[in-house]
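J.: take a look and give me a structure for this.
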Amino acid sequence: MDYHPIIKAMQAGQVRRYHTAVDIPPQSVAEHTFNVMVIATYLVRMSSFDDGKRLDQGVPLQHALFHDLGEIYMADIPGPVKSYVSVKHLEAQEKIAVMDNFSIDLDGMPEIVKMADQLECLWYFARCYKLGCEPAERYYNLQRRSVTETFGFDVDVMALADAIDGWFHTDGCDLRLPFEEMRDKQESIYGEGEVGPGDAR
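T.: Predicted structure coming up:
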């Protein structure tokens, strides 16, 4: 086994996201990854109520864990730059090098991880704003529009996005997400008692 890619993967805590947005507080790839895994777990559990079957959390969480692995090698390249420079295939190659060592099949990222990734960005900008970073409001509004345009069809995503939005617009600096509000939204969709992670408060 080649241990170098594994050792490299554990450097995610030293790689900064949003490094070109100097008015946004720093966030590491590791911090973002953990948050994406938490949100993906929530979405997986909620989606299981669609057909009454519990979905396997393992595959989405593996994808969430390694979804930004390429940034450890390439850094967090802004989207506009990626449209001019072909870097996605390079990021994919670095990701595959690590995945092979873990014997994980990463053919196609589950949609639920893409949703969690976008929601995490929405939450992060909301948190920055709540901590007094006024420029984060602009980033938040852009991200909220992106989430709605991309995933507006998914009731679970929008319930969580609405909860974050309500939290974003409240006064004060309470950094706890409004889980009670999320619970109410989920009960209105799935029925009372079938809320899953909304019980964790």
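J.: contacts and neighbour counts: CA atoms only from here.
T.: Will do.
J.: residue contacts, Asp23?
T.: Cys133, Pro135, Ala136 (CA atoms under 8 Å, 6 or more residues apart in numbering).
J.: just the buried residues from those residues, in PyMOL please.
T.: Selection of buried members from the contacts of Asp23 for PyMOL, criterion 16 or more other CA atoms under 10 Å:
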select buried, resi 136
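J.: closest to Leu65 among the contacts of Asp23?
T.: Closest approach between the contacts of Asp23 and Leu65, by CA to CA: Ala136, at 25.6 Å.
J.: returning to that earlier point: out of the contacts of Asp23, which are inside helices?
T.: Ala136 (DSSP state H).
J.: relative to Ile39, which of the contacts of Asp23 is nearest.
T.: Out of the contacts of Asp23, the member with the shortest distance to Ile39 (by CA to CA) is Ala136, at 20.7 Å.
J.: how far away is the closest one from Ile72?
T.: 24 Å (CA to CA, to the nearest Å).
J.: which residue packs closest to Pro25, ignoring adjacent ones?
T.: Cys128 (6.9 Å; CA to CA, 6 or more residues apart in numbering).
J.: check which helix or strand covers that neighbour.
T.: According to DSSP states H and E, Cys128 maps onto helix 111-130.
J.: about what we covered before: could you dump the contacts of Asp23 into CSV with distance to Thr150 and pLDDT added?
T.: CSV is the format used below for those (distance: CA to CA, whole Å; pLDDT from 0 to 100):
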residue, distance to Thr150, pLDDT
Cys133, 26, 91
Pro135, 24, 92
Ala136, 21, 93
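J.: reformat the contacts of Asp23 as a markdown table; add distance to Ala64.
T.: Listed next are those as a markdown table, based on distance: CA to CA, whole Å:
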| residue | distance to Ala64 |
| --- | --- |
| Cys133 | 27 |
| Pro135 | 28 |
| Ala136 | 24 |
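J.: so His19 sits in a helix?
T.: No - counting by DSSP: H, G, I helix; E, B strand; the rest coil, one finds His19 to be coil, located in no helix.
J.: please tell me how far it sits from Asp165.
T.: His19 sits at a distance of 25 Å from Asp165 (criterion: CA to CA).
J.: kindly report the same for Arg127.
T.: 11 Å.
J.: higher neighbour count, the two?
T.: Arg127 (23 against 18; other CA atoms under 10 Å).
J.: need the helix or strand of this protein with the lowest average pLDDT.
T.: helix 179-190 (a mean of 52; mean pLDDT, DSSP states H and E).
J.: all the strands of this structure, residue numbers only.
T.: 16-17, 27-28 (DSSP state E).
J.: hmm, who's touching the last one?
T.: Translated: strand 27-28. Against strand 27-28 from outside (CA under 8 Å, 6+ apart): Ala12, Gly13, Gln14, Val15, Arg16, Arg17, Tyr18.
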